[in-house]
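Chemist: Quick one, structure for this:
(chains A, B, C and D)
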Amino acid sequence: MQVLYFAWLRERIGTAREEVETQAATVTELIEELRARGEAHQAAFDDLTALRVAIDQKVAGFDAPIAKAREIAFFPPMTGG
Amino acid sequence: MQVLYFAWLRERIGTAREEVETQAATVTELIEELRARGEAHQAAFDDLTALRVAIDQKVAGFDAPIAKAREIAFFPPMTGG
Amino acid sequence: MTVRVGTEDFDIGAEIAALSAGRTDIGAVVSFTGLVRGEAGATQIAALELEHYPGMTEAALSEIEAEARRRWPLQEVLILHRVGRLAPGARIVLVVTASAHRRAAFEAAEFIMDYLKTRAPFWKKEATSEGGRWVDARDTDAAAEARWRIE
Amino acid sequence: MTVRVGTEDFDIGAEIAALSAGRTDIGAVVSFTGLVRGEAGATQIAALELEHYPGMTEAALSEIEAEARRRWPLQEVLILHRVGRLAPGARIVLVVTASAHRRAAFEAAEFIMDYLKTRAPFWKKEATSEGGRWVDARDTDAAAEARWRIE
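Modeler: Here you go, the predicted model:
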């Protein structure tokens, strides 16, 4: 699946998008796998209360199932307008 | 003093403005004098609940003193905007 | 204090641009524009005739602006109101409020419109195929004004 | 459904005129314009960088518009949001609502802005003399959104 990062998360991880092969059942499990990718990922996912997630462009909870998802995006709370 | 009429009151009385010599102490007393001017005035002042009054361009009550007033205006409730 | 009453039309974009030009302390601009509707219930409106009380109108609008500025932190306020004969679709009134934050701008604009409806000396007459008809004041406008009363 | 996201500036007056052109069923038009402020606390802002999530942004704004139309009788709704680098004083966002009556137009515009702030995937970064700084979400924006929850 495609994993997307926005705002400071994108800057900290150093990429806006990466292809991920995963068997993770939920967002939380996916985050555990991503943290194992290295220091940058680990720092980015350090405080989950500061993060939001969207599954296929819809905001979801961290316990949401992702088996059929094509695109998972992580970002801080929105600050538009 | 100058007495001004607006909207349907102006149309019913047939003038926008008239000079009035009066010793009336309050708006209510002035209205009594105006009603004596004829049928048009009488009809216009028939239902005081439908009327508002301004003394020197400020909305006032019917019991307000008018001894020092230069301009008294009568009109229906406002409908701007 | 920016209050204007006249027969001329206005350009909403130009008014907002003028009011915020060269400033960087405004974060939120709210505008309200009132338009002449073509129907009142089942009746077609050919035009609206707007009458006002020159002198008192400007004083009443300025007092409404001053009251809004006492209640909210506003950088700019603009109140324009047209008078005379206006066709359906025509602009009648423009209120613009500018503030650092959106809540103040929204509330102040709504407050100004609610007060204007019941406190500024304008009267509307509808021209219809059955003749002229003075518009009645609406209870909902009195109720809208009452919301803002400070106990 | 009229939702646009892009780098181009917009003309508020032209947008409002286009939306109400030739119509006589609109009595009230409310617009909200958000501008870049030049200061954040004591810090001078050189520019604001606006990032968004293409695809999700348009979907989120369309859903906010749809929710506003479910709650209020609206003739027209317009939501424009700019992205990219914007200087202090620049326009960021425009929301326009049109209805027969003013209360619906005011409430819907404020609702759309409150929802947009917390539900549309935009992120702001301030460019200052001390470097870039991502803007934090504000508790007051979450509280503003919570006001509209239907129990």
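Chemist: drop to CA atoms for contacts and neighbour counts, all remaining ones
Modeler: Fine.
Chemist: and the residue of chain A found nearest chain B, how many residues sit next to it?
Modeler: Residue nearest to chain B within chain A (CA to the nearest CA): A:Gly81, separated by 29.1 Å. As a burial measure, A:Gly81 scores 26 neighbours (other CA atoms under 10 Å in any protein chain shown).
Chemist: what's the pLDDT at it?
Modeler: Looking at A:Gly81, its pLDDT is 94.
Chemist: Show me the contact partners of the helix or strand of chain C with the lowest mean pLDDT.
Modeler: None of the helices or strands of chain C scores lower by mean pLDDT, DSSP states H and E than strand C:39-40, at a mean of 85. With contacts defined as CA atoms under 8 Å, 6 or more residues apart in numbering or on different chains, strand C:39-40 is touched by C:Ile45, D:Thr24, D:Asp25.
Chemist: could you list every residue that touches the first one?
Modeler: Put plainly, it is C:Ile45. Contacts of C:Ile45 were listed using CA under 8 Å, 6+ apart, and they are C:Arg37, C:Gly38, C:Glu39, C:Pro88, C:Glu126, C:Ala127, C:Thr128, C:Ser129.
Chemist: which parts of chain C sit against chain D?
Modeler: Proximity of chain C to chain D is confined to C:11-14, C:20-39, C:88-89, C:100, C:106, C:110 under the rule CA under 8 Å from any CA of the partner chain.
Chemist: Please list only the buried members of those residues.
Modeler: Buried members of the residues of chain C next to chain D, scored by 16 or more other CA atoms under 10 Å in any protein chain shown, are C:12-13, C:20, C:23-38, C:88-89, C:100, C:106, C:110.
Chemist: my guess is A:Ala60 contacts A:Ala69, does it?
Modeler: No: assessed by CA atoms under 8 Å, A:Ala60 is found out of contact with A:Ala69, at 11.6 Å.
Chemist: higher neighbour count, these two?
Modeler: The neighbour comparison of A:Ala60 against A:Ala69 (other CA under 10 Å) goes to A:Ala60, with 15 against 12.
Chemist: beta partners of that one?
Modeler: A:Val53 (DSSP bridges).
Chemist: residue boundaries of the strands in chain A?
Modeler: A:2-5, A:17-19, A:52-55, A:58-60, A:71-75 (DSSP state E).
Chemist: Which residue does chain C have closest to chain D?
Modeler: Of all residues in chain C, C:Gly13 sits closest to chain D, at 3.8 Å by CA to the nearest CA.
Chemist: just checking, that residue touches D:Phe10?
Modeler: No: contact criterion CA under 8 Å: C:Gly13 and D:Phe10 do not qualify, at 9.9 Å.
Chemist: and for the lengthiest helix in chain C, what are the contacting residues?
Modeler: Using DSSP state H, we find that the single longest helix of chain C is helix C:102-119. With contact meaning CA under 8 Å, 6+ apart, helix C:102-119 is reached by B:77-81, C:27-32, C:60-61, C:64-65, C:68, C:71-74, C:95-99, C:141-142, C:144-145, C:148, D:106, D:110.
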